[in-house]
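K.L.:
the following comprises the amino acid sequence and a computationally predicted model.
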Amino acid sequence: EDSLPQMAHLWDTIVRHTQIFEQFRVTITPYLKHAVSQFGSHLHSHPEYRELSVCLAELMIGWADGGDAKSLSQKVADAHVNILVRVALLNTESKPNHVHHRVKARALIQLQRIIACRKMCNIDPTHFQGT
């Protein structure tokens, strides 16, 4: 938990400078999958961490073959959809401010990108219980 701010800083640097890190995407991607979940799915996450999670999901799709969500495996697509659903729901229930609105909007855009080409994703119903 203490290292979360440092990890957030590291991932934020990668998000802001993707062109520098893109050559290492094969090495970074397995860690990226975990980071999307780590920053976006906790009930008490700061809005900035949730926003970082959405940015990381965008990056992962961007780094997929041709930047196409179709190239994500079904397992990865399902995981992303579930995290994005959770982020959108958590930001809906939070006190509204510009960060919450921006994060929810970005999460919904990414959900639309994935679902538009996937058509079927498994959504965990626990996201709708006690969020």
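P.N.:
Thanks, I have it. Numbers count the residues shown, from 1 in each chain.

K.L.:
C-alpha from now on. contacts and neighbour counts both.
P.N.:
Fine.

K.L.:
can you pull the contacts of the residue lying closest to V87 once chain neighbours are set aside?
P.N.:
Using C-alpha to C-alpha, 6 or more residues apart in numbering and skipping the chain neighbours, the partner closest in space to V87 is G40 (5.9 Å). Contacts here follow C-alpha atoms under 8 Å, 6 or more residues apart in numbering; on that basis G40 touches Y49, R50, E51, L52, S53, V54, I83, L84, R86, V87.

K.L.:
can you count the residues close to the fifth one?
P.N.:
The reference is to S53. 31 (other C-alpha atoms under 10 Å).

K.L.:
same question for the first one.
P.N.:
Residue neighbour count, defined by other C-alpha under 10 Å, stands at 22 for Y49.

K.L.:
elements contacting the helix or strand containing it?
P.N.:
Assigned by DSSP states H and E, Y49 belongs to helix 47-63. Using 3 or more C-alpha pairs under 8 Å, 6 or more residues apart in numbering; DSSP states H and E, the elements in contact with helix 47-63 are helix 4-16, helix 25-40, helix 74-93, helix 98-118.

K.L.:
mind checking which of those helices is nearest M60?
P.N.:
Among those, helix 25-40 comes nearest to M60, with 7.1 Å by C-alpha to C-alpha.

K.L.:
can you pull the buried residues of that closest one?
P.N.:
Buried residues in helix 25-40, counted by 16 or more other C-alpha atoms under 10 Å: R25, T29, L32, K33, A35, V36, S37, Q38, F39, G40.

K.L.:
so what's the residue nearest to the fifth one when sequence neighbours are not counted up against?
P.N.:
Distances taken as C-alpha to C-alpha, 6+ apart put S53 closest to A35, at 7.0 Å, once the chain neighbours are dropped. Applying C-alpha under 8 Å, 6+ apart, one finds that S53 lies in contact with A35, V36, S37, Q38, F39, G40.
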